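Novice: with the input below, show me the fold.
(one chain, ligands or ions: 1)
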Amino acid sequence: MLRHIARRLGSLHGQQIFNGLKGISPDQLLSKEIHRHLQSSLETISPISTTSLWPFSSQPRDFSQPNSSWSPEMRKVYDDYIGLCDTDSENGEKQKGPWRKLPSYNRSIKYATAGIHLSKLIQAKARLFTRNVKDQGATFEYVVFVNKEEKRCVCVFQAGHLLEGAPGHVHGGAIATIIDTVTGTLAGFLSGPIMTANLNIDYRSPMPLGSVVLIHSALDRIERKKTYITCKVTSTDESKLYTEATALFVSIGVGHLFGSRN
Ligand SMILES: CCCCCCCC/C=C\CCCCCCCC(=O)SCCNC(=O)CCNC(=O)[C@H](O)C(C)(C)COP(=O)(O)OP(=O)(O)OC[C@H]1O[C@@H](n2cnc3c(N)ncnc32)[C@H](O)[C@@H]1OP(=O)(O)O
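Specialist: This is a model prediction of the structure:
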């Protein structure tokens, strides 16, 4: 069972937050420490220990694909970045691009319960905050492209009409949410499992509802367990600055998800 979980965690490579685990084999994942955490957490959650611990179907849906709610501007920037990702040339050869599109799912990990076994109802209903409204275009339409070499990412974000704060403009909490998501995705990509410890935001100009903006995030530095990320939100032509932010993410052991602080 433990090997099964480790394999499942290993297959989280498609999941942004665990991209930093790339290259780590299931056997390496099963270090003594992780083995101890998984063992002790499984002992306390016997009702689920006999069921599958993987919440996704084998082909989880990627919600960051173009859809009919995307404005021409959103689609154009998406296409521009897709053009900078790996492509198949006419003779069938792969051409390496500096950017990579990350998939975006609507579920987090079912059993990240901070030590509490969530009810089956909550497990079934839990959805990632930014992907919990089915109505396309109503809230967060976004796609993240990452540049591994430059340790930075760009998110193309279209702010839907249900994100209103000041009349006709995007709520500051919604802006904080997407910044947390994008900076957290980059931190997770670079450092493995992390949690937000600190997020500082300067709102420089109001963002009209329906805007398409770029969220540029870059690694500032890594110090021991701390990954510092900087962030700027601009118009797609980068002439207008909407928001600036800095974020600190602290690396967590897999045990943190299972209720241990180590
Ligand atoms: C969890 C992962 C989930 C996986 C999900 C996968 C699917 C993802 C899908 C899609 C991606 C979307 C991406 C989302 C991203 C969003 C993430 C969030 O919003 S997370 C929710 C909000 N955050 C919390 O609820 C944290 C609550 N706080 C804690 O759990 C702890 O306080 C924690 C982990 C932040 C720090 O734990 P300690 O305090 O035990 O860590 P110590 O080892 O003592 O500290 C390490 C270093 O960090 C500094 N530090 C800790 N907290 C600090 C702070 N607030 N400010 C400054 N420094 C701090 C300490 O001083 C220490 O520094 P020195 O190494 O000694 O220099």
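
Novice: how much space is there between Pro60 and Gly188?
Specialist: 17 Å (C-beta to C-beta, to the nearest Å). C-beta coordinates here come from the backbone N, C-alpha and C atoms, glycine included.

Novice: got it, and Gln158?
Specialist: Distance from Gln158 to Gly188, by C-beta to C-beta: 23 Å.

Novice: picking that back up, comparing Pro60 and Gly188, which residue is more hemmed in?
Specialist: Neighbour comparison, Pro60 and Gly188: the larger count goes to Gly188, with 22 against 15 (by other C-beta atoms under 10 Å).

Novice: how about the secondary structure of the more buried one?
Specialist: Following DSSP: H, G, I helix; E, B strand; the rest coil, we place Gly188 in the helix state.

Novice: looking at it, it is touching Ile194, isn't it?
Specialist: Yes: counting by C-beta atoms under 8 Å, Gly188 does reach Ile194; the two are 5.4 Å apart.

Novice: what score does Gln15 have for pLDDT?
Specialist: On pLDDT, Gln15 comes in at 40.

Novice: could you shift the numbering so residue one becomes 553, and keep it that way?
Specialist: Noted, 553 is the first residue going forward, which turns the last one into Gln567.

Novice: what does the stretch 653-802 of the chain put close to the ligand?
Specialist: Residues of the stretch 653-802 of the chain lying near the ligand by C-beta under 6 Å from any ligand atom: 660-661, 664, 680, 732-733, 736-737, 745, 747-750, 776-778, 800, 802.

Novice: again, only this time at 8 Å
Specialist: 656-657, 659-661, 664, 680, 682, 732-737, 739-740, 745-750, 775-778, 800-802 (C-beta under 8 Å from any ligand atom).

Novice: buried subset of the residues you listed as a PyMOL selection?
Specialist: Buried residues among these (16 or more other C-beta atoms under 10 Å), as a PyMOL selection:
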select buried, resi 656+657+659+660+661+682+732+733+734+735+736+737+739+740+745+746+778+800+801+802
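
Novice: so which of the residues of the stretch 653-802 of the chain next to the ligand sit within strands?
Specialist: 746-750, 775, 778, 800-802 (DSSP state E).

Novice: check which helix or strand covers the nearest residue to Ser787 once chain neighbours are set aside.
Specialist: Distances taken as C-beta to C-beta, 6 or more residues apart in numbering put Val765 closest to Ser787, at 6.3 Å, once the chain neighbours are dropped. Val765 belongs to strand 764-775 when assigned by DSSP states H and E.

Novice: got a list of what the residue in the stretch 603-752 of the chain that the ligand sits nearest to touches?
Specialist: Nearest to the ligand, among the residues of the stretch 603-752 of the chain, is Gly736, at 2.5 Å (C-beta to the nearest ligand atom). Contacts of Gly736 were listed using C-beta atoms under 8 Å, 6 or more residues apart in numbering, and they are 569, 746, 748, 799, 801.

Novice: partners of the last one in the sheet?
Specialist: Under DSSP bridges, the beta-bridge partners of Phe801 are Thr748, Thr779.

Novice: Gly744 is in contact with that one, correct?
Specialist: No: between Phe801 and Gly744 no contact is recorded; they are 10.2 Å apart, counting by C-beta under 8 Å.

Novice: hmm, back to that, distance of the residue nearest to Ser787 from Ile746?
Specialist: Distance from Val765 to Ile746, counting by C-beta to C-beta: 24 Å.

Novice: now do Arg776
Specialist: Applying C-beta to C-beta to Arg776 and Ile746 gives a distance of 13 Å.

Novice: same check on Ala690?
Specialist: Distance from Ala690 to Ile746, by C-beta to C-beta: 29 Å.
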